[in-house]
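Take a look and give me a structure for this.
(2 chains)
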Protein chains: 2
Amino acid sequence: MSVITLYDIASTHPRQAWSPNTAKARYALNFKGIPHRTVFLEYLEIEPLLKKIGAKPTSETFPHYTLPVIYDPSTNTVVSDSIEIARYLDATYPHSPRLIPKGTTAFHYAFTDTIVATLAQPLLAYNLPASLPFLNPASQSYFRRTREELFGGRRLEDVTPTGAAHVVEWLNVKESFGRVDGWIRKNSRGRFVMGDTICYADFIVAGFLRWTKLVLSRDKWEDILSWHDGRWANLMKEMEKYDAVL
Amino acid sequence: MSVITLYDIASTHPRQAWSPNTAKARYALNFKGIPHRTVFLEYLEIEPLLKKIGAKPTSETFPHYTLPVIYDPSTNTVVSDSIEIARYLDATYPHSPRLIPKGTTAFHYAFTDTIVATLAQPLLAYNLPASLPFLNPASQSYFRRTREELFGGRRLEDVTPTGAAHVVEWLNVKESFGRVDGWIRKNSRGRFVMGDTICYADFIVAGFLRWTKLVLSRDKWEDILSWHDGRWANLMKEMEKYDAVL
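Numbering: from 1, shown residues only, chains lettered A, B, ... in the order given. Next comes the predicted model:
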């Protein structure tokens, strides 16, 4: 089949995507209307397969190989890293809607770093432990080992803030979303990062939101939906158009 | 005189500007070719004067009133905060080159926060103490008191890293500039944030560079000029066009 292959991380539910990073590549493909198929891998399958197909490592430190990766048979090209995938798709499929409008490449790279520091960082103590039940046993032990290292070896079950610590940390999460809301609110019109049209930067934010919606409890998610005049509820509603797993 | 007034912070040298924040507003005015004049204030003059002319406070916490501020007699408008000044100038003088291209408003706000966190933060321990000799006695005592609070009350003379600590911290400064270089380098062409044309985001970076050039020792500045294939040397060269104090 000569369509693009998107490599994604397997979950306990057949063909259910959960990773915030691969979500960005899926949004990008669906936004551009590019036919593709998804291949789900367990964590331990990622590095061997990516080496075999000639994917570039995404980091000089562990883990060297990460998803998303795409393989495009029409150009015989393998592309690693969601923002590189967006740039590749813009360059290779110029007649589809543009993900990274002309002149905004550096802004998009800066925004990627900023969103990780602003939104992802305070969410990790909530989202990482809550992701465990979505992983198959083989991936669970890998995920636990690598993610517990981020918290100085503490068990994932113990890192989620509770009680008074939760009140403080959850306010921190809300204020972090508030900073991003503050930037977007400065637009004279429109509810997306670039105003009234969607671009790849919206998918960066939406990827983390989608992950949060999937893994956190319903009361936490409904709290987020009530924040910032419903900005995140509206964004997630809009993203439904681009969320299909093909 | 019916030209815009730019309020700036006084230095020991008559009509020499030193503040990285007011520099952004000056770059913006000169880039757009808008006639203006500069009024220099000592720190303790800022709040009384800004209240008198009806400037908006820029922060809910101390200091509430900061520079730059402009007063435009042609519209009888006072604008506080450099990015708000840039937006005002784009809206009011639409026939001059645009500072914040359409669709990039939210990116510019995000970039402002990112540059403060990325570039300004590691520079403060160097640049703040080195700025003292540029201030008149009345402003020096205010500056010392407010800036020493940022370092837990340590004397400004003691916060600049020396010896082994300097080696580590200076590498941190270099890596911070390296992150910004990495974003800009992703452009397929051009040496500015948006590629081959200057925008307000370049002035955010340049404001901090200009301050660093003015206050740090020559050897440190020449080190910076050697970094990242001369990117910062080239940017400062380009900025000379927009640096005149009117």
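
end-to-end on stretch A:179-197?
20 Å (Cα to Cα, to the nearest Å).

again with stretch A:58-70
With Cα to Cα, one end of stretch A:58-70 sits 13 Å from the other.

cool, and stretch A:194-202?
OK, stretch A:194-202 end separation, Cα to Cα: 9 Å.

That stretch vs chain B: in contact?
Yes. Using Cβ under 8 Å from any Cβ of the partner chain, stretch A:194-202 reaches chain B at A:194-195, A:197, A:201. Where C-beta positions appear, they are placed from N, C-alpha and C, glycine not excepted.

And the helix or strand harbouring A:Thr22, what does it pack against?
Using DSSP states H and E, A:Thr22 maps to helix A:20-32. Contacts defined by 3 or more Cβ pairs under 8 Å, 6 or more residues apart in numbering or on different chains; DSSP states H and E place helix A:20-32 against strand A:4-9, helix A:82-92, helix A:200-215.

Give me the next element, helix or strand, following the last one.
Looking back up the chat, that one is helix A:200-215. Counting by DSSP H and E, the element after helix A:200-215 in chain order, helix or strand, is helix A:218-226.

Show me where chain A has its helices.
Using DSSP state H, the helices assigned to chain A run over residues A:20-32, A:43-53, A:82-92, A:105-115, A:121-131, A:137-150, A:156-159, A:163-185, A:200-215, A:218-226, A:231-239.

who's in contact with the helix holding A:Thr22?
A:4, A:6-9, A:17, A:36, A:38, A:66-68, A:70, A:82-83, A:85-86, A:89, A:93, A:96-97, A:99, A:120, A:198, A:200, A:203-204, A:206-208, A:210-211, A:239, A:241-246 (Cβ atoms under 8 Å, 6 or more residues apart in numbering or on different chains).

pretty sure A:Phe107 is touching B:Thr105, no?
No. If you go by Cβ atoms under 8 Å, A:Phe107 and B:Thr105 don't touch, sitting 11.0 Å apart.

Which of the two has more residues huddled nearby?
Using other Cβ atoms under 10 Å in any protein chain shown as the criterion, A:Phe107 and B:Thr105 rank with A:Phe107 on top: 29 against 25.

Contacts only, for that one.
For A:Phe107, the contact set (Cβ under 8 Å, 6+ apart) comprises A:201, B:104, B:107, B:110-111, B:183, B:193-194, B:201.

ok, back up a step: pipe the helices and strands packed on helix A:20-32 into a markdown table and attach mean pLDDT and mean neighbour count per row.
Output for the helices and strands packed on helix A:20-32, formatted as a markdown table (pLDDT from 0 to 100; neighbours: other Cβ atoms under 10 Å in any protein chain shown):
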| stretch | mean pLDDT | mean neighbour count |
| --- | --- | --- |
| strand A:4-9 | 98 | 23 |
| helix A:82-92 | 98 | 21 |
| helix A:200-215 | 97 | 23 |
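
thinking again about what came up before, tell me the one among the contacts of A:Phe107 nearest to B:Asn234.
For those, the residue nearest B:Asn234 by Cβ to Cβ is B:Val193; the value is 13.2 Å.

tell me the contacts of that closest one?
Applying Cβ under 8 Å, 6+ apart, the residues near B:Val193 are A:106-107, B:111, B:183-184, B:199, B:201-202, B:205.

And the pLDDT for A:Arg15?
With respect to pLDDT, A:Arg15 has a value of 88.

Sorry, wrong one. I was asking about A:Thr61.
A:Thr61 carries a pLDDT score of 87 in this model.

Quick one: neighbours of it, just the number.
By other Cβ under 10 Å, the residues close to A:Thr61 number 6.

repeat for A:Lys220
Per other Cβ under 10 Å, the neighbour tally for A:Lys220 reads 16.

Please report how far it lies from chain B.
Remark: distance between A:Lys220 and chain B (Cβ to the nearest Cβ, to the nearest Å) = 25 Å.

and that residue, what is it in contact with?
Contact partners of A:Lys220, counting by Cβ under 8 Å, 6+ apart, are A:126, A:170, A:212.

possible to save those as a markdown table with distance to chain B?
Shown next, in a markdown table, are the contacts of A:Lys220 (distance: Cβ to the nearest Cβ, whole Å):
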| residue | distance to chain B |
| --- | --- |
| A:Tyr126 | 23 |
| A:Trp170 | 22 |
| A:Thr212 | 20 |
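
okay but A:Phe208 is in contact with A:Ile115, surely?
Yes. Using Cβ under 8 Å as the test, A:Phe208 is close enough to A:Ile115 to be in contact (7.1 Å).
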